[in-house]
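Peer 1: Predicted structure and sequence below. I'll ask about it afterward.
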Amino acid sequence: MLAAAPSLDAVDPLAGTLEPLDAGALNRTLDELAARGRAHFLGLGYPSQDLAVEAALAARYAGRHRELALPLPGGRIGHGDGPRLRAEFDRLAAERFGHADRSAPVEFLAVSVRVRARQPRLEPPVDPAAARPTGAAVPERHRPVVFGGGAVVTPVYAGEGLASGARIEGPAVVEDAHTTTLLWPGDRLTVDRMGGYVLELG
């Protein structure tokens, strides 16, 4: 959450159809919502070039109850964009619902705009796992574990003793102060540079 790009979402009710499309009214609403979002981030000190605008229509086949978010690339609409948006809506409907009703008119009920600010990449200042002993991971004991069949004598590792870059092949158990990680046969665990576990399931 700390590394996520901050964003501001705004929605306005606006009814219309894709064919014919009132691009003027739609663009006025898009511009107003985008300006509101930009003003928010500019007031917080974000430079204008670090702001990106995304927009979408809450669209549906006329009279139906299932709406889809129809993206508006660039955050603005051209007067001749109705047929292109209609074709994109039919594609989304077929992808989402398994069919497209190309004979039904498409209407929209609301327009939404998201202004997103670019977030600098966060680099961890420390590497907790680097201070741990290096070398191959060595189990501290073995115990029987049942993996869907009979019991298998399985190595048990102490998580706090695993160094950055350590790799463990399943079957295995990794015990930490507040959790236990079970590796099934074929699973692989790698300790990342912050001491976290990256699991690859076999």
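Peer 2: In hand now; what should we look at?
Peer 1: tell me the phi and psi of the residue lying closest to P20 once chain neighbours are set aside?
Peer 2: Leaving aside its sequence neighbours, P20 sits nearest to G82 (CB to CB, 6 or more residues apart in numbering; 6.5 Å). All C-beta spots, glycine's among them, are computed from the backbone N, C-alpha and C. When read as degrees, to the nearest 10, the backbone of G82 gives phi -50, psi -50.
Peer 1: For G82, grab the count of nearby residues.
Peer 2: Neighbour count for G82, taken as other CB atoms under 10 Å: 18.
Peer 1: show me what contacts it?
Peer 2: 18-21 (CB atoms under 8 Å, 6 or more residues apart in numbering).
Peer 1: Check those for burial and list the buried ones.
Peer 2: 18, 21 (16 or more other CB atoms under 10 Å).
Peer 1: hmm, which two among the contacts of G82 are most spread apart?
Peer 2: Greatest spatial distance among the contacts of G82 (CB to CB): L18 and P20, at 8.3 Å.
Peer 1: and which of the contacts of G82 is nearest A58?
Peer 2: The nearest one, if we look at the contacts of G82 relative to A58 and count by CB to CB, is L18, at 12.4 Å.
Peer 1: unless I'm mixing things up, A136 is touching A166, no?
Peer 2: Yes: judged on CB atoms under 8 Å, A136 makes contact with A166 at a distance of 7.3 Å.
Peer 1: more neighbours, those two?
Peer 2: A166 (21 against 8).
Peer 1: residues in contact with the more buried one?
Peer 2: 136-137, 190-191.
Peer 1: before we move on, the earlier item: distance of the residue nearest to P20 from G16?
Peer 2: 10 Å (CB to CB, to the nearest Å).
Peer 1: Likewise for P185?
Peer 2: For P185, the distance to G16 equals 58 Å [CB to CB].
Peer 1: So the two - more neighbours on which side?
Peer 2: Using other CB under 10 Å, the more surrounded residue of P185 and G16 is G16, with 18 against 13.
Peer 1: The more buried one in helix, strand or coil?
Peer 2: strand (DSSP: H, G, I helix; E, B strand; the rest coil).
Peer 1: That one reaches F108, doesn't it?
Peer 2: Yes: between G16 and F108 there is a contact under CB under 8 Å: 5.7 Å.
Peer 1: who's in contact with the closest residue to T180 other than its chain neighbours?
Peer 2: What sits nearest to T180 in space, not counting adjacent residues and going by CB to CB, 6+ apart, is V173, at 6.4 Å. Counting by CB under 8 Å, 6+ apart, V173 touches 143, 145, 154-157, 180-183.
Peer 1: so what pLDDT did the residue most central in space within the chain get?
Peer 2: Most central in the chain under CA atoms, centre = their mean is A4, positioned 9.8 Å from the mean C-alpha point. Looking at A4, its pLDDT is 79.
Peer 1: Show me what the longest helix seen in the chain is packed against.
Peer 2: Using DSSP state H to define each element, the chain has its longest helix at helix 23-43. Helix 23-43 makes packing contacts with strand 7-17, strand 51-61, strand 106-117 when contacts are defined by 3 or more CB pairs under 8 Å, 6 or more residues apart in numbering; DSSP states H and E.
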